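Colleague: Dropping the sequence and predicted coords here.
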Amino acid sequence: MRLSTIVVWMTKEIVPLFGFAVLLLAGRVSGEEVKPNIIVIMADDLGYGDVGCYGSKTIPTPHLDQMAAEGVRFTSGYSPASTCTPTRYSLLTGEFAFRRKGTGVAPPNSPLVVPVGKPTLPSVLKQAGYRTGVIGKWHLGLGGPDGPDWNGSLRPGPMELGFDDCFILPTTNDRVPQVFVRQDRVEGLDTSDPLWVGEKKPADDHPTGITHRDQLKMNWSHGHNATIHNGVSRIGFYTGGQKARFRDEDLTDHWVAEAKRWITEHQKQPFFLLFCSHAIHVPRVVHERYQGVSGHGPRGDAIVELDDSVGAIRQTLQSLDLDRKTLIIFCSDNGPVLDDGYQDDAIERLGEHDPNGPFRGGKYNVYEAGTRTPLIACWPGTTPPQVSDQVLCSVDFAATLTKLAGATAPEDAYPDSVDLSDLMTGKPNAKGRAHLLTQDNGQSGQFGLREGRWKLIRAPAKKATNVHLRLTPTEIPEWQLFDLQEDPGESKDVIDQHPDIALPLKRKLQKLLEGPVAQ
């Protein structure tokens, strides 16, 4: 029986109008699941304290605040890693990135990090009838073992992982090249001006942030001093591709316009869109209309620009009458960093704003501020407004969204992902993760294990960076234990007082490093 027939029959014969409306809003009619559209919006380097609904007092984020007021705001929402590439790997595969070599921060010429043929969230949803797309920062590599062919096909890439459509920045904007990739080609590339990307200076007279520092419109503080584009020097070298290059100031506008077009084009079928903003990652070069709006310099301005992009996507859904058919999830790939290679007044103009909120650490380490970030789920009419303190991680999106889409993943898929669909949709008494393992970039072997109120940190290198504001290496013990209930800021290491807690957690950490452990 067709769904429309069921709706008419139930309305006339069984269910009063009000009761039927309740069933419809719940996403079910006569037991049949309605496939929601799904949009995941991932910010970059956004801290827990950077958003109004998480405590920010001086940087306006009205669109995110409204989204939180209409959905579920998680106070224990995590990224699985404190850097870009491993978190993105985990979101797509449902697997902790440390389980696969080569998942640290990807260099400009990195080959595709995710193995072709590995089940991914987009590939599973695609098989279930979803149109799948990715727009924004990619940073998971392109091409085969030899890396990307910038002047030809960039396969394998997003489409080999289950995406029907892609419009992406290949790496991250502080790394070269500053071009867009549509499907499997650099968009707008003039074959008479081939693109070259490398690790070494291509010629003695090639301008860099060192040789032409006086020409930069945003100076560098460390690294980020190779090829110059648009008055900003980057990591790595490239030449050519002049017609394909974009202007930093227009980056967010390009992606928002593309998202609006894509949603409109595919509104007649269920869709999954991964929208990966570059904001608020360095270089923080926002559009002219945002420059100076926050009072906190380029970093604060980028937060305002990010918030407006969320509002634009939500407005598009509303204009197409899709808002009550769409689950939107907002998250960040890791926690905040202030001076990350450019002199952009991020520290000097901080004022009373604290990107960390109540937490310690930040990007590049596994203290709470490195991986506990804003995480909001909003499905108007389905998610009742609430604040949840249950533990949820973006590695869980794979299993959770597969369930909500009514799809079925292969048995060997998503080894570390937990189905938290009841929690995501705000069901009463829904429980989150019993334990969660987080990592840094994967190079130092630094891990954090949270179980309930307790947090164990292992740091074999006995150091962490960005413990507060700058990327300054700081000596720390190899093992630390914190009581997050009494000390959310991780200011007091209690490992000596609680060996009975620390020893079982050390054993569990070792088991998790060897393979998945059931929740």
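Modeller: Nice, I can see it. Residues are numbered from 1 along each chain as shown.
Colleague: For stretch 271-278, the averaged confidence score.
Modeller: For stretch 271-278, the mean pLDDT works out to 98.
Colleague: What are the contacting residues of that stretch?
Modeller: Stretch 271-278 has contacts (Cβ atoms under 8 Å, 6 or more residues apart in numbering) with 37-44, 88, 91, 121-122, 125, 130-138, 163, 168-169, 172-173, 251-252, 255, 259, 262-263, 306, 309, 313, 401, 405. The way it works is simple: take the backbone N, C-alpha and C, and place the C-beta from them, glycine included.
Colleague: For the chain, which helix or strand comes out least confident on mean pLDDT?
Modeller: One helix or strand of the chain scores below all others by mean pLDDT, DSSP states H and E: helix 3-13, with a mean of 34.
Colleague: For the stretch 151-300 of the chain, just list every one of the strands.
Modeller: Along the stretch 151-300 of the chain, counting by DSSP state E, counting those that start in this stretch, strands occupy 165-169, 181-182, 185-186, 196-198, 228-229, 232-233, 237-239, 271-276.
Colleague: Now mean neighbour count and distance to residue 286 too, for those strands, in a markdown table please.
Modeller: Output for the strands of the stretch 151-300 of the chain, formatted as a markdown table (neighbours: other Cβ atoms under 10 Å; distance: least, Cβ to Cβ, whole Å):
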| stretch | mean neighbour count | distance to residue 286 |
| --- | --- | --- |
| strand 165-169 | 23 | 16 |
| strand 181-182 | 18 | 22 |
| strand 185-186 | 20 | 24 |
| strand 196-198 | 18 | 25 |
| strand 228-229 | 19 | 16 |
| strand 232-233 | 25 | 13 |
| strand 237-239 | 20 | 23 |
| strand 271-276 | 25 | 17 |
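Colleague: Select, out of these, the one closest to residue 503.
Modeller: strand 271-276 (39.9 Å; Cβ to Cβ).
Colleague: what about this structure, any weak spots by pLDDT?
Modeller: 1-33, 443, 466-469 (pLDDT under 70).
Colleague: Could you chop it up by domain?
Modeller: Domain ranges of the chain: 1-34, 35-187+263-301+387-418, 444-514, per automatic domain parsing.
Colleague: now the end-to-end length of the second one.
Modeller: One end of domain 35-187+263-301+387-418 sits 20 Å from the other (Cα to Cα, to the nearest Å).
Colleague: now the last one
Modeller: One end of domain 444-514 sits 17 Å from the other (Cα to Cα).
Colleague: coming back round to it: and the domains of the chain, which is most packed in?
Modeller: Mean neighbour count (mean count of other Cβ atoms under 10 Å) peaks for domain 35-187+263-301+387-418 among the domains of the chain, with a mean of 22.
Colleague: Mind checking which of the contacts of stretch 271-278 are in strands?
Modeller: Among the contacts of stretch 271-278, the members falling in strands are 37-43, 131-137, 168-169 (criterion: DSSP state E).
Colleague: before we move on, the earlier item: of the domains of the chain, which is nearest residue 247?
Modeller: That would be, of the domains of the chain and by Cβ to Cβ, domain 35-187+263-301+387-418, which comes in at 8.4 Å.
Colleague: Can you give the distance of that closest one from its chain's centre?
Modeller: 5 Å (Cα atoms, centre = their mean, to the nearest Å).
Colleague: How about stretch 415-422?
Modeller: 17 Å.
Colleague: what does it rub up against?
Modeller: With contacts defined as Cβ under 8 Å, 6+ apart, stretch 415-422 is touched by 80, 90, 94-96, 99, 392, 395-404, 430, 432-433, 515-516, 519.
Colleague: go on, stretch 50-59?
Modeller: Applying Cβ under 8 Å, 6+ apart, the external contacts of stretch 50-59 come out as 48-49, 60-62, 64-65, 68-69, 73, 280, 294-296, 300, 303-304, 336, 351-355, 357-358, 374, 376.
Colleague: now swap in stretch 473-489 and tell me
Modeller: With contact meaning Cβ under 8 Å, 6+ apart, stretch 473-489 is reached by 358-360, 368, 450, 453-460, 462-465, 467, 490, 492-495, 498, 501-502, 505-506.
Colleague: Take the contacts of stretch 415-422 and keep only those in helices.
Modeller: 90, 397-404 (DSSP state H).
Colleague: what's the closest of the residues you listed to residue 442?
Modeller: Nearest to residue 442 among the ones in helices among the contacts of stretch 415-422, counting by Cβ to Cβ, is residue 90 at 10.8 Å.
Colleague: List the residues that contact that closest one.
Modeller: 80-81, 96-97, 394-395, 416 are the contacts of residue 90 under Cβ under 8 Å, 6+ apart.
Colleague: at 10 Å what do you get?
Modeller: Going by Cβ atoms under 10 Å, 6 or more residues apart in numbering, residue 90 touches 79-81, 96-99, 103, 333, 393-398, 414, 416-417, 439.
Colleague: pull the CA atoms of the longest helix anywhere in the chain into PDB?
Modeller: Assignment by DSSP H gives helix 297-319 as the longest helix of the chain. What follows is helix 297-319, C-alpha atoms only, in PDB (Å, rounded to 0.1, in the frame of the first residue of the first chain):
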ATOM      1  CA  GLY A 297      40.000  39.900  15.600                       C
ATOM      2  CA  PRO A 298      39.900  37.500  12.700                       C
ATOM      3  CA  ARG A 299      39.300  34.400  14.900                       C
ATOM      4  CA  GLY A 300      36.200  35.900  16.500                       C
ATOM      5  CA  ASP A 301      35.000  37.200  13.100                       C
ATOM      6  CA  ALA A 302      35.400  33.700  11.700                       C
ATOM      7  CA  ILE A 303      33.100  32.400  14.400                       C
ATOM      8  CA  VAL A 304      30.400  34.900  13.300                       C
ATOM      9  CA  GLU A 305      30.900  33.900   9.700                       C
ATOM     10  CA  LEU A 306      30.600  30.200  10.600                       C
ATOM     11  CA  ASP A 307      27.400  30.800  12.600                       C
ATOM     12  CA  ASP A 308      25.800  32.700   9.600                       C
ATOM     13  CA  SER A 309      26.700  29.700   7.300                       C
ATOM     14  CA  VAL A 310      24.700  27.500   9.700                       C
ATOM     15  CA  GLY A 311      21.800  29.900   9.500                       C
ATOM     16  CA  ALA A 312      21.900  30.000   5.700                       C
ATOM     17  CA  ILE A 313      21.700  26.200   5.500                       C
ATOM     18  CA  ARG A 314      18.800  26.100   7.900                       C
ATOM     19  CA  GLN A 315      17.000  28.900   6.100                       C
ATOM     20  CA  THR A 316      17.300  26.900   2.800                       C
ATOM     21  CA  LEU A 317      15.700  23.900   4.500                       C
ATOM     22  CA  GLN A 318      12.900  26.100   5.800                       C
ATOM     23  CA  SER A 319      12.300  27.700   2.400                       C
END
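Colleague: Alright, calling it a day.
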